[in-house]
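[1] Kindly return the folded structure for what I paste below:
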Amino acid sequence: MQTIYELATEAMGVEIARYLTFLKSSNAMMSLSEDCFADHATELMFAAGINSHVPNDCDNTPKYLVSEHHRKSALTFDVEAAVSTGVYNSIRPHAKALYEKASKSTPEFTSFSDEAIKENPHLLPVYQSILKLSKSQLKKKVGSVSDLKISKPASVKLCALLSETIAPNDYLEENVLGRMEITLEGIVRDLVGRVLFEEVVANALSNEGVKFMREDDYPFISGVVYDFRADFVLPDCKNPIAFIEVRKSSSRHASLYAKDKMFSAINWKGKHENLIAVIVVEGEWTQATLKIMSTVFDYVIPLSQSAELAKILKKAQDGDKTVLRWLVNFSITPAPDFSE
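    The predicted structure follows:
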């Protein structure tokens, strides 16, 4: 049986592909029509993206959604909410199935076996929710465990913990699934941050024929102070003409993220004179932070404009020097009078 994370990863891939297909058919939502909605899953995805709900008695959902989009045209389409909807629709039934399997293998949570726990690590989220423990709290009590592997010593400790500490209300289905929702939300947030936004950018670049390498495909971009990797380098790390960082932020963390990314940009642009620095943003970045970043980054672009960004970078790839906005003169040299 799959782990929740494995299934969520698969579902995220399916939903991203659905979203990208929808973008193509609707010309990035500039030519939205009823024909753009290929199936009910696409309708649900789009409805979540515009923060709308389709009435149960609606006899023409595509027409309703097009109307809703026009009515809410001032709102930015929420890509995260749109794609996450389908992922949740896949993993919530799976969480319920895990609960039912755990209940069956433990006679309704009345008898636990360390051997069964060891052989079925994918049920760990259920047991963790029953115990009402965070990952760090569980680790302190039983040692390092995951839903991929539980060692023999850890399974013995976990078995004892479950046998000795739980009360009847702890394993009621409604309560357990409610607590597991926190786990599901954490998994989806992780996948959104690591997969979704970068995939949107990669798709836009590929559609324009822009050559690039992703973070896992190259060792580093050399810099003045340190060598490190960006989310994307174009076309490669040996002869870079541009790099792209993709970041979601909240207003609370925006300043911290900005300082980190601005120094990375200075570090790389100081080493490579004509390097184009790009940051693609999503989330609640403050206007003040975006203004500051625009004094170092050549382009500060919202995720929704990834297609337009790709067109600009295609020009740079074809040799257009006017795409570069900022030159950074940054070097570190020994002081001439220093004596050891």
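[2] Tell me, how many residues neighbour residue 294?
    By other Cβ atoms under 10 Å, 14 other residues sit near residue 294. Glycine gets a C-beta too; all of them are placed from N, C-alpha and C.
[3] sec struct for the nearest residue to it once chain neighbours are set aside, please.
    Spatially, and ignoring its direct neighbours in sequence, residue 294 is nearest to residue 300 (4.8 Å; Cβ to Cβ, 6 or more residues apart in numbering). For residue 300, the assignment made with DSSP: H, G, I helix; E, B strand; the rest coil gives strand.
[4] check contacts around residue 300.
    Residue 300 makes contact with 279, 281, 290, 293, 294, according to Cβ atoms under 8 Å, 6 or more residues apart in numbering.
[5] Contacts for the strand or helix carrying residue 246, please.
    In this assignment (DSSP states H and E), residue 246 forms part of strand 242-249. Applying Cβ under 8 Å, 6+ apart, the external contacts of strand 242-249 come out as 80, 192-193, 197-198, 201, 212, 221, 230-234, 257, 261, 264, 268, 275-285, 289, 303, 313, 316.
[6] Which of those fall within strands?
    Under the assignment DSSP state E, these contribute 232, 233, 234, 276, 277, 278, 279, 280, 281, 282, 283 to strands.
[7] Give me the neighbour count for the fourth one.
    Which is residue 276. Neighbours of residue 276 (other Cβ under 10 Å): 22.
[8] what are the bridge partners for it, then?
    Note on residue 276: beta-bridge partners by DSSP bridges are residue 242.
[9] one step back: generate a ChimeraX selection restricted to the buried subset of the contacts of strand 242-249.
    Per 16 or more other Cβ atoms under 10 Å, the buried members of these correspond to this ChimeraX selection:
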select :80,192,193,197,198,201,212,221,230,231,232,233,234,257,261,264,268,275,276,277,278,279,280,281,282,283,285,289,303,313,316
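[10] Point out where the stretch 201-340 of the chain drops to low pLDDT.
    340 (pLDDT under 70).
[11] 90 instead, please
    For the stretch 201-340 of the chain, applying pLDDT under 90 flags the ranges 248-258, 282-286, 304, 330-340.
[12] At which residues are the helices of it located?
    254-271, 287-293, 306-317 (DSSP state H, counting those that start in this stretch).
[13] Any chance of CSV for those helices, columns distance to residue 34?
    Below are these laid out as CSV (distance: least, Cβ to Cβ, whole Å):
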stretch, distance to residue 34
helix 254-271, 39
helix 287-293, 36
helix 306-317, 23
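[14] Name the nearest residue to residue 193, sequence neighbours excluded.
    Nearest to residue 193 is residue 248, by Cβ to Cβ, 6+ apart, at 6.3 Å.
[15] Tell me who's in contact with the residue nearest to residue 76 when sequence neighbours are not counted.
    Among residues not flanking residue 76 along the chain, residue 304 sits closest, at 6.6 Å (Cβ to Cβ, 6+ apart). Each residue near residue 304 by Cβ under 8 Å, 6+ apart is listed here: 76, 77, 79.
[16] Tell me the spacing between residue 304 and residue 173.
    Between residue 304 and residue 173 the computed distance is 40 Å (Cβ to Cβ, to the nearest Å).
[17] Could you do residue 149 as well?
    26 Å.
[18] same check, this time on residue 256
    Here the distance between residue 256 and residue 173 works out to 41 Å (Cβ to Cβ).
[19] How about residue 254?
    Distance from residue 254 to residue 173, by Cβ to Cβ: 40 Å.
[20] Give the residue from these two that has the larger number of neighbours.
    Taking neighbours as other Cβ under 10 Å, residue 254 and residue 173 compare with residue 254 leading, 22 against 11.
[21] my guess is that one meets residue 284, correct?
    Yes: between residue 254 and residue 284 there is a contact at 7.3 Å, judged by Cβ atoms under 8 Å.
[22] Just put the contacts of residue 304 in TSV and tack on neighbour count, distance to residue 49 and pLDDT.
    Formatted as TSV, these follow (neighbours: other Cβ atoms under 10 Å; distance: Cβ to Cβ, whole Å; pLDDT from 0 to 100):
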residue	neighbour count	distance to residue 49	pLDDT
76	12	9	86
77	19	5	91
79	21	7	92
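[23] so which of the residues you listed comes closest to residue 64?
    residue 77 (16.6 Å; Cβ to Cβ).
[24] How about whatever helix or strand residue 183 lives in, which residues are buried there?
    Here residue 183, judged by DSSP H and E, is contained in helix 173-191. For helix 173-191, the neighbour count (16+ other Cβ under 10 Å) marks 176, 177, 179, 180, 183, 184, 187, 188, 191 as buried.
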